[in-house]
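Enquirer: sequence-free structure coming up:
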């Protein structure tokens, strides 16, 4: 059952983010421990990345990179996001945050063909 869920999760990622980018960013997120608290489409300990992508825009990337590196609290409830400095470089944080922010656009693009078929 676990394998099936993981396979479905990967399929969802690839559909949203494009196969190459999705693979790269998911692999980086897994290596850096992000998946312990976050998933694309549902809240775990931290918010779902789709919810993050809907709340923030590209202009918020520096603020979000700061949150990844230095931690934050109160943006999504009382559970703090721990600091990841020393685990994630600033460049990696920027790549991950930029990818997360892009998920809303990719979800919208995926839904458009479905809406046109109706």
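Expert: Cool, got the structure. None of the values given here were measured: they were computed from a predicted structure.

Enquirer: show me the contacts for residue 36.
Expert: By CB atoms under 8 Å, 6 or more residues apart in numbering, the residues touching residue 36 are 44-45. C-beta: built from backbone N, CA, C; applies to glycine.

Enquirer: And residue 33, by the same measure?
Expert: For residue 33, the contacting residues are 84, 87, by CB under 8 Å, 6+ apart.

Enquirer: Give me the phi and psi for it.
Expert: The phi and psi values for residue 33, taken as degrees, to the nearest 10, are phi 90, psi 10.

Enquirer: what's the distance between it and residue 60?
Expert: 22 Å (CB to CB, to the nearest Å).

Enquirer: swap in residue 24?
Expert: Applying CB to CB, the value for residue 24 to residue 60 is 22 Å.

Enquirer: do residue 67 as well
Expert: In terms of CB to CB, residue 67 sits 10 Å off from residue 60.

Enquirer: more crowded one of those two?
Expert: It is residue 67, of residue 67 and residue 60, that has more neighbours when counted by other CB atoms under 10 Å, with 18 against 14.

Enquirer: and that one, which of the three is it?
Expert: Using DSSP: H, G, I helix; E, B strand; the rest coil, the structure places residue 67 in helix.

Enquirer: isn't it right up against residue 82?
Expert: No. Between residue 67 and residue 82 there is no contact under CB atoms under 8 Å: 10.4 Å.

Enquirer: Cool, thanks, talk later.
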